[in-house]
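>>> Structure of the sequence below:
(2 chains)
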Number of protein chains: 2
Amino acid sequence: MNNRALVIDVTRGGFIESRHQVIAVISDAKGKRHSQWGDADQQVFPRSTAKPLQALPLMLSGAVQDLNLSQQQVAMACSSHNGEPQHSNLVTQWLDQLGMSSEHLECGSHWPLYQPATVALAQSGVQACAVHNNCSGKHCGFLSFAHHQGIDPKGYINHQHPVQLAVNDAMGRMMDLKVADYPMGIDGCSIPTYALPLPSLAMAFARFGTGEQLPDDWQKACHSLYQAMVNEPFYVAGSKRHCTYVMQAYGTQVACKTGAEGVFGAAIPSLGLGIALKALDGTSRAAEVALNVLLNHLHLTPTDPHFEQYLELHNCNKIHVSNVQVAS
Amino acid sequence: MNNRALVIDVTRGGFIESRHQVIAVISDAKGKRHSQWGDADQQVFPRSTAKPLQALPLMLSGAVQDLNLSQQQVAMACSSHNGEPQHSNLVTQWLDQLGMSSEHLECGSHWPLYQPATVALAQSGVQACAVHNNCSGKHCGFLSFAHHQGIDPKGYINHQHPVQLAVNDAMGRMMDLKVADYPMGIDGCSIPTYALPLPSLAMAFARFGTGEQLPDDWQKACHSLYQAMVNEPFYVAGSKRHCTYVMQAYGTQVACKTGAEGVFGAAIPSLGLGIALKALDGTSRAAEVALNVLLNHLHLTPTDPHFEQYLELHNCNKIHVSNVQVAS
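Residues are numbered from 1 along each chain as shown, chains lettered A, B, ... in the order given. Here you go, the predicted structure:
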């Protein structure tokens, strides 16, 4: 086992400008570690990396079948989306299908993550609302679960609401722990997030991808969520986003999900493995490159021959100024 | 001397979510170190932290007097501005005054740094152009210098153009070194940036604030630039920006300037000192809090009683979710 963190460098003109440390665990579905980097037995807030797991109650309840939700909708339940028209239109239709409106979303409003979408929205004279929040797909999933179960959705973001209790139970089952025993914070979209052991998150992603160590109905639920993510990667994130890029580049081999503050999770069913990683300083660019490095470490081959482990950064004159890459 | 880096923590629900390391030097105008944190003898790209120094040729040449540039214009020559209407209007007027247009700016275009300004611009049907680039004020300074000196401005962003050579000479004089001897990269606005010793940058800021160790005309030029920055802090950055916030909170005691990838420089003339710091991972939030901590370390008293060393982060429902603060 490697006790050194993965080091990701940002170079400018060939000189190291900034440096990141990333801790990571690759685990199987029983929690046996395949490999690790750094002091990986830390508790981290998974943030949005937990979304595929948080969508389990939606799938397990039968709401997806009963509401006839599409793979795009299921992918959006696991998404941190860009607020592009395809995303916001689908969320609006979904709320309509539930007989609800953006007023029922308790995630708060922000302009789209993807700046061209913000500009286009503003140019069209529309104000951003909760539909454009990058978490609105997940919240539609919560609302659908509540609707299907006959639970009053009001206050569904609170940590003691039946929706969040069901989410915690599902996450706990995937990780063999009790989520509420861990430190709680509030996430960007106002639901609780818990600081959970990184190895448990890696194990959960291994189970998510393989169905191993899970009852039959959970296996099916995980398989359906996995398929929705890899078949509709645009609806998990969007244009120029790393989740979408990786899932497009690796075909159906990898489902992956970013989280704020430099977290990434990934499931690789063909190897029976899950990945969880955290850039200790919370930067996404380090987490993104670290994921690429780990996929390469596992000898996975992207179907896109142009897929690179490192990121190239360009300035606004489109000059290549900087690379983000694993330290040599 | 302190050999440990300054540690800045990001907490969520009281639990440490992410952690940053910041190296810093406080120096006098002769290069004598007042204090330091971490392995501070590193070379860093000052990025936009260098802007007050890069404005010296503009001031020393007499262009400011001859063109009758206002303190707001001089502050903008030292700025990384938000692209708010006050900024873009002033840049447009300035170009007009030179008989030039946005076509002469070689910094490239981007939408305003400040999202409300981007939204308002898009809503008004205007496309972003080079005027809205956060560096357009500095570039107006370069164009004014070239215009005044009778230098063809075309290609002024290239490292061998007379404008950049004059900038390098001025920076070298402030730091007692030859800038071109150091590793060169390309900055966001396409001019060169050089990886220079952090202690030299701190000394340059001490000289900038005090005029010490400089000839009379350089003393006057530094004093004029300093006064413009502290008198017009909105024009150095803008709404909700740390440079503006600090200079407003500390009255005329501190001139400070942020740079990309977690750099900050500050001049404190009353103490005869300059600060240079770099968050090793390149994050601005760490650099901002580190600057606050260092100003407090120097027992400077903000005139704004609400000024806090730490930053509070709120989510889009305006819930306080996170703090960025020095490690306890």
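>>> C-alpha only now, for contacts and for neighbours.
Noted.
>>> first vs last residue of stretch A:7-21, how far apart are they?
By CA to CA, to the nearest Å, the extent of stretch A:7-21 from end to end equals 5 Å.
>>> Tell me which residues are up against that stretch.
For stretch A:7-21, the surrounding residues in contact (CA atoms under 8 Å, 6 or more residues apart in numbering or on different chains) are A:5-6, A:22, A:279-281, A:286, A:289-290, A:321-327, B:44-45, B:183-186, B:195, B:261, B:280-282.
>>> Same check on stretch A:194-203?
For stretch A:194-203, the surrounding residues in contact (CA under 8 Å, 6+ apart) are A:24-31, A:40-46, A:174-176, A:179-180, A:182-185, A:265-266, A:273-277, B:15.
>>> Filter the residues you listed down to just the buried residues.
Listed as buried from those are A:24-31, A:40, A:43-46, A:174-175, A:179-180, A:183-185, A:265-266, A:273-277, B:15; burial here means 16 or more other CA atoms under 10 Å in any protein chain shown.
>>> Just the ones of the residues you listed in strands?
Of the buried ones among the contacts of stretch A:194-203, the ones assigned to strands by DSSP state E are A:24-28, A:43-44, A:184-185, A:265-266, A:273-277, B:15.
>>> ok now do the nearest residue to residue A:211 once chain neighbours are set aside, which residues does it touch?
Using CA to CA, 6 or more residues apart in numbering or on different chains and skipping the chain neighbours, the partner closest in space to residue A:211 is residue A:219 (4.3 Å). In this structure, residue A:219 makes contact with A:208, A:210, A:211, A:212, judged by CA under 8 Å, 6+ apart.
>>> quick one: the second one and residue B:19, what's the gap?
Relative to residue B:19, residue A:210 is positioned 33 Å away (CA to CA).
>>> Give me the more crowded residue out of these two.
Comparing residue A:210 with residue B:19 by other CA atoms under 10 Å in any protein chain shown, the one with more neighbours is residue A:210, at 25 against 20.
>>> Phi and psi next, for the more buried one.
Per-residue torsions, residue A:210: phi -110, psi -30 (degrees, to the nearest 10).
>>> do residue A:194 as well
When read as degrees, to the nearest 10, the backbone of residue A:194 gives phi -120, psi 140.
>>> What is the burial count for the residue nearest to residue A:231 when sequence neighbours are not counted?
Distances taken as CA to CA, 6+ apart place residue A:252 nearest to residue A:231, at 7.2 Å, with adjacent residues excluded. Residue A:252: 18 surrounding residues under other CA under 10 Å.
>>> how about residue A:185, what does it touch?
Applying CA under 8 Å, 6+ apart to residue A:185 gives the contacts A:192, A:193, A:194, A:195, B:12, B:13, B:14, B:15, B:321.
>>> do that again at 7 Å, thanks
Contact analysis of residue A:185 by CA atoms under 7 Å, 6 or more residues apart in numbering or on different chains lists A:192, A:193, A:194, B:12, B:13.
>>> Tell me the buried residues in the longest helix anywhere in chain A?
Identified as the longest helix of chain A according to DSSP state H is helix A:216-231. Under the neighbour-count criterion of 16+ other CA under 10 Å, helix A:216-231 has A:218-231 buried.
>>> Pick the one among those residues closest to chain B.
Set against chain B, the nearest of the buried residues of helix A:216-231 by CA to the nearest CA is residue A:229 (26.1 Å).
>>> Just confirm that closest one contacts residue A:75, I think it does.
Yes: shown here, residue A:229 and residue A:75 form a contact pair, counting by CA atoms under 7 Å, at 4.9 Å.
>>> what do these two both touch?
residue A:236.
>>> Over to the residue nearest in space to the middle of chain A. Which of the three states is it?
The residue lying closest to the centre of chain A (CA atoms, centre = their mean) is residue A:257, at 2.8 Å. Recorded secondary structure, residue A:257: strand (DSSP: H, G, I helix; E, B strand; the rest coil).
>>> give the contact list for it.
Contact partners of residue A:257, counting by CA under 7 Å, 6+ apart, are A:49, A:243, A:264, A:265, A:266.
>>> And residue A:206, by the same measure?
Residues in contact with residue A:206 (CA under 7 Å, 6+ apart) are A:27, A:28, A:29, A:267, A:268, A:272, A:273, A:274.
>>> does it sit in a helix or strand, and which one?
Residue A:206 belongs to helix A:198-210 when assigned by DSSP states H and E.
>>> quick revisit: the contacts of residue A:257 into a markdown table, with extra columns for distance to residue B:143 and pLDDT?
Conversion of the contacts of residue A:257 to a markdown table gives the following (distance: CA to CA, whole Å; pLDDT from 0 to 100):
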| residue | distance to residue B:143 | pLDDT |
| --- | --- | --- |
| A:49 | 48 | 98 |
| A:243 | 42 | 98 |
| A:264 | 45 | 98 |
| A:265 | 49 | 98 |
| A:266 | 50 | 98 |
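>>> Check residue A:1 and give its pLDDT.
Model confidence at residue A:1, given as pLDDT, is 64.
>>> coming back round to it: farthest-apart pair in the contacts of residue A:185, please.
Spatially, the most separated pair among those is A:192 and B:12, at 10.7 Å (CA to CA).
>>> Show me which of those two is the more surrounded one.
Per other CA under 10 Å, whichever of residue A:192 and residue B:12 has more neighbours is residue B:12, with 24 against 21.
>>> what bridges to that one?
Residue B:12 has these beta-bridge partners by DSSP bridges: residue B:15, residue B:322.
>>> Kindly report the same for the one 10 residues further on.
Bridge pairing for residue B:22 (DSSP bridges) gives the partners residue B:6, residue B:279.
>>> Make sure residue A:107 is indeed in a strand.
No: under three-state DSSP, residue A:107 sits outside any strand and is assigned coil.
>>> pLDDT weak spots in chain A?
A:1-2 (pLDDT under 70).
>>> So which bits of it are right by chain B?
Contact residues, chain A versus chain B (CA under 7 Å from any CA of the partner chain): A:12-13, A:15, A:17-20, A:44-45, A:108-110, A:119, A:122-123, A:125, A:183-186, A:188-189, A:280-282, A:315-317, A:321.
>>> If we use 8 Å, what do you get?
Those residues of chain A that sit near chain B, judged by CA under 8 Å from any CA of the partner chain, are A:12-15, A:17-20, A:44-45, A:107-110, A:118-120, A:122-125, A:183-190, A:195, A:261, A:280-282, A:315-317, A:319, A:321.
>>> Show me which of those residues are buried.
Judged by 16+ other CA under 10 Å, buried ones among the residues of chain A next to chain B: A:12-13, A:15, A:17-20, A:44-45, A:107-110, A:118-120, A:122-123, A:183-190, A:195, A:261, A:280-282, A:315-316, A:321.
>>> all strands for the stretch 1-150 of chain A, in order.
Remark: strands assigned in the stretch 1-150 of chain A by DSSP state E, counting those that start in this stretch are A:6-12, A:15-28, A:33-37, A:43-44.
>>> Many thanks, I have nothing further to ask.
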